[in-house]
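Novice: model this:
(2 chains)
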2 protein chains.
Amino acid sequence: MEPPMARRPVVGIVGGGQLARMMAVAAIELELHVRVLARSIDEPAAGCAREVVLGDPSDVDVLVGFAAGCTVTTFDHELVPGGTLRRAEAAGARLRPGADAMAVASDKGLTRELARRIGVPVAPYELADRLPDAVAAAHRLGGAVVAKDTRGGYDGRGVHPVRRPDDLAPLFAALERRPLVLEPHLPIRRELAATVVRRPSGELAHYPVVETVQQDGVCRLVLAPAAIDAERERDIQRWTAALAAALGHAGVLTVEWFDTDGGLLLNELAPRPHNSAHYTIDACSTSQFENHLRAVLDLPLGSTGMIVPSAASANLLSGITREVDVVDLAAEPSARLHRYGKAPRPGRKVGHVTLCGDDRDDMAQRALRLTAPLATAGAAR
Amino acid sequence: MEPPMARRPVVGIVGGGQLARMMAVAAIELELHVRVLARSIDEPAAGCAREVVLGDPSDVDVLVGFAAGCTVTTFDHELVPGGTLRRAEAAGARLRPGADAMAVASDKGLTRELARRIGVPVAPYELADRLPDAVAAAHRLGGAVVAKDTRGGYDGRGVHPVRRPDDLAPLFAALERRPLVLEPHLPIRRELAATVVRRPSGELAHYPVVETVQQDGVCRLVLAPAAIDAERERDIQRWTAALAAALGHAGVLTVEWFDTDGGLLLNELAPRPHNSAHYTIDACSTSQFENHLRAVLDLPLGSTGMIVPSAASANLLSGITREVDVVDLAAEPSARLHRYGKAPRPGRKVGHVTLCGDDRDDMAQRALRLTAPLATAGAAR
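Specialist: Numbering: from 1, shown residues only, chains lettered A, B, ... in the order given. All right, here's what the predicted structure looks like:
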């Protein structure tokens, strides 16, 4: 039996990070009720969500109890173990996306298996959970490979370039790394990202494909839309939609793509709002955060079209880039600042700025200048 | 002696209505700390401000105590008596705008005196606080006049068209109405509004002049930018800036104008964010709410430029228009919905929708259709 519904819908969000925070902000003016399951009252979403529950979502009793009071429950992150999600769902939790979609989308191995099965291009890869298998696989893949943790990697963590197969040994010393995905070194020209939003009923809408610029494995800049021909954009959108449908996804899904000499290849999936679509808050009719809430509640989706010709977003990385505050905006009065309410810690994403205008590359230069690396920030002042 | 400053600035807001609510939303992503002085926890801003204090701002001790903990204190409304504001300021409250600016801007008589003094066009008018004086003034002004309460009028309240001077008598029965401003009936072609934002230091920025469409004295629709020639726009902006400077204003100031056969004439002032500039949330680089916070803190102003060619906002009036919710947006997927978290009550503004695009009049028609009057909403479905 389904637990009784609240009179008005409540969206539960597992995790209180910046994604939950930006969902909570989007919820306010829609009069949607957001309840966040955070580990601490200091988390970014705790200050602006309608309600905050403190607890550990990896504890299945906590998760089931939280979800019981919510119309649907969605996610700020993929850190809850798959087994916990499946047990919660079996106990009646209405998870959006569901446990199966979360399990596949947050696992680089399962994602590649799915992609291969439905005809979405992926690099040659092998999965290995023992060192000898990994070494043999690396030899088959050409020697120099990239070994990737199947789960939990982000911002360059969990990605290990290996020059020779023998260099794989230290990775297998850490037990929780198994299995690893092994791929050949790819000549990557640039990285692209495609975000879709999908209702449980199957209705789906595409945001424009964007270009992401990484620095030391962390996204530094997003350019919207990507400079890409119509045919390749259609391919990416078709593949992204096919992945969302195959997952039975509900909510926002971002798929990252490598643009290589050998064509477009899947990189990874994020089954939730994603850094590469933060620009949608300022540049699109409906932000990814608003559309995620609308989708998980199975409400009509908002337009994903851009309302400006182009946009560039740059991340604020604590200790690495300038941590822009309102005073710094004197240098760029048309920039839109989004800070996440996070304590500074080296490398941490503490916010982003977005510029909108006619000339994408000019916006990009200005966004980078505003968020200049700290080493050069002094000189630029 | 100034009370000790908080380590990070705190903006106090007197009043917890929708203007305070939209300021509170703007504050979140700037990491500005907003503290709202509300009368009840059910007020629109109470659910999303960082802090809420419950109390009556007309009680000078409450107001002084509230302001003492805030870097600056600003306003959601003009309901606090001028004497209370002056006493609070004398006791150390840092009010933005200050008590003098609030006193003049929220009084139709004082506003007209100021305008006349600095050369801003106003209709012929007289002030009268006794019935015989009012009757004599009405005769001098041509017989048919509009009598206006000097304070507290909004949404058509406090404006009394009078066909014959003798019809003034009932107005003087209500003691709190005195004095009244008397003006001749004006042939109004349309209404315009100009919003500026001004720092205490004097820096000032103009939002585009917009056209407002009233229905039964309540704003139904805002069109941005107004269809207006450059010279007339410059005049309006020059006069609006002159009024802001003469007031020593801090924050957002909106001046409403009548476009008449005899030229442009001052209507009234609002010394705070205003309904006619709600479109700035979606259509401008920096919303009026963000710029109000920046201005009252004397921080650099954001760009007031539009990022889209045009926009139209329509108000949601409880019991009069459709009270649009997310489900209704299926009919208009590019509309941006802003609901105020207010209980329905006939005639109450409970939200607004904004459409952005190339064709202002098309946006206007679509915004009106989405918020169709209730009598025809059934037929349109």
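
Novice: And the helices in the stretch 1-150 of chain A?
Specialist: Assigned helices in the stretch 1-150 of chain A, in chain order: A:18-30, A:60-68, A:82-90, A:99-105, A:108-118, A:131-140 (criterion: DSSP state H, counting those that start in this stretch).

Novice: How about the stretch 201-350 of chain A?
Specialist: A:230-247, A:280-283, A:288-296.

Novice: Could you list the contact residues of chain A toward chain B?
Specialist: Proximity of chain A to chain B is confined to A:21, A:25, A:28-32, A:47-48, A:50, A:282, A:285-286, A:294, A:297, A:299-303, A:305, A:307-308, A:325-327, A:329-330, A:333-339, A:341, A:351, A:356-357 under the rule C-beta under 8 Å from any C-beta of the partner chain. In this view, the C-beta of every residue, glycine as well, is placed from N, C-alpha and C.

Novice: Point out where chain A drops to low pLDDT.
Specialist: A:1-7, A:153-154, A:175-177, A:376-381 (pLDDT under 70).

Novice: Grab the most central residue of it for me.
Specialist: A:His274 (3.2 Å; C-alpha atoms, centre = their mean).

Novice: Let me see the contact set for it.
Specialist: Neighbour list for A:His274: A:193, A:195, A:252, A:254, A:288 [criterion: C-beta atoms under 8 Å, 6 or more residues apart in numbering or on different chains].

Novice: what does A:Ala134 give?
Specialist: Contacts of A:Ala134 by C-beta under 8 Å, 6+ apart are A:128, A:147, A:165, A:168, A:171-172, A:180, A:182.

Novice: quick one: which of the residues you listed is most hemmed in?
Specialist: A:Leu180 (27 neighbours; other C-beta atoms under 10 Å in any protein chain shown).

Novice: Give the bridge partners for that residue, please.
Specialist: A:Ala128, A:Asp149 (DSSP bridges).

Novice: A:Pro200 contacts A:Ala245, correct?
Specialist: No. A:Pro200 is not in contact with A:Ala245 according to C-beta atoms under 8 Å; the separation is 11.6 Å.

Novice: Neighbour count for these two, which is higher?
Specialist: For A:Pro200 versus A:Ala245, the count of surrounding residues by other C-beta under 10 Å is larger for A:Pro200: 18 against 14.

Novice: if you skip the residues just before and after it, what's nearest to that one?
Specialist: A:Ala250 (4.6 Å; C-beta to C-beta, 6 or more residues apart in numbering or on different chains).

Novice: repeat for A:Arg339
Specialist: A:Arg339 sits nearest to A:Gly351 (C-beta to C-beta, 6+ apart), 3.9 Å away.

Novice: So what's the residue count around the one you found?
Specialist: 27.

Novice: Pretty sure it sits against A:Ala335.
Specialist: No. The pair A:Gly351 / A:Ala335 is not scored as a contact, 11.3 Å apart, by C-beta under 8 Å.

Novice: if I look at A:Ala68, how far off is A:Val53?
Specialist: 11 Å (C-beta to C-beta, to the nearest Å).

Novice: can you give me the strands for the stretch 251-381 of chain A?
Specialist: Remark: strands assigned in the stretch 251-381 of chain A by DSSP state E, counting those that start in this stretch are A:251-260, A:263-270, A:310-317, A:336-339, A:349-357.

Novice: most packed of those strands?
Specialist: With neighbours taken as mean count of other C-beta atoms under 10 Å in any protein chain shown, these reach their highest mean count in strand A:310-317, at a mean of 27.

Novice: sorry, back to before: closest to chain B among the contacts of A:His274?
Specialist: A:Gln288 (14.3 Å; C-beta to the nearest C-beta).

Novice: ok, now which ones touch the closest one?
Specialist: A:195, A:197, A:207, A:252, A:273-274, A:277-278, A:280-281 are the contacts of A:Gln288 under C-beta under 8 Å, 6+ apart.

Novice: ok, now A:Leu32?
Specialist: So A:Leu32 contacts A:9, A:11, A:293, A:297, B:326 (C-beta under 8 Å, 6+ apart).

Novice: and if you look at A:Ala364?
Specialist: A:221, A:223, A:312.

Novice: What is the neighbour count of the second one?
Specialist: Neighbours of A:Leu223 under the rule other C-beta under 10 Å: 23.

Novice: what are the bridge partners for it, then?
Specialist: A:Glu211, A:Ala312.

Novice: re earlier: mind giving me the ChimeraX select for the residues of chain A next to chain B, buried ones only?
Specialist: Buried subset of these, written as a ChimeraX selection, criterion 16 or more other C-beta atoms under 10 Å in any protein chain shown:
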select /A:21,25,28,29,30,31,32,47,48,50,282,285,286,294,297,299,300,301,302,303,305,307,308,326,329,334,335,336,337,338,339,341,351,356,357
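
Novice: Please determine how far the closest residue to A:Ala45 other than its chain neighbours is located from A:Ile13.
Specialist: Once flanking residues are discounted, A:Ala45 sits nearest to A:Ala20: 3.7 Å by C-beta to C-beta, 6+ apart. Applying C-beta to C-beta, the value for A:Ala20 to A:Ile13 is 5 Å.

Novice: Mutual contacts of these two, please.
Specialist: Joint contacts of A:Ala20 and A:Ile13 (C-beta under 8 Å, 6+ apart) are A:34, A:36, A:45, A:49, A:76.

Novice: Enumerate every residue touching the second one.
Specialist: The one in question is A:Val36. Counting by C-beta under 8 Å, 6+ apart, A:Val36 has contacts A:12-13, A:15-16, A:20, A:24, A:43, A:45-46, A:49, A:51-53, A:76.

Novice: ok, now the fourth one?
Specialist: Taking C-beta under 8 Å, 6+ apart as the contact definition, A:Ala49 lies against A:13, A:16, A:20-21, A:24, A:27, A:34-36.

Novice: Alright, that wraps it up for me.
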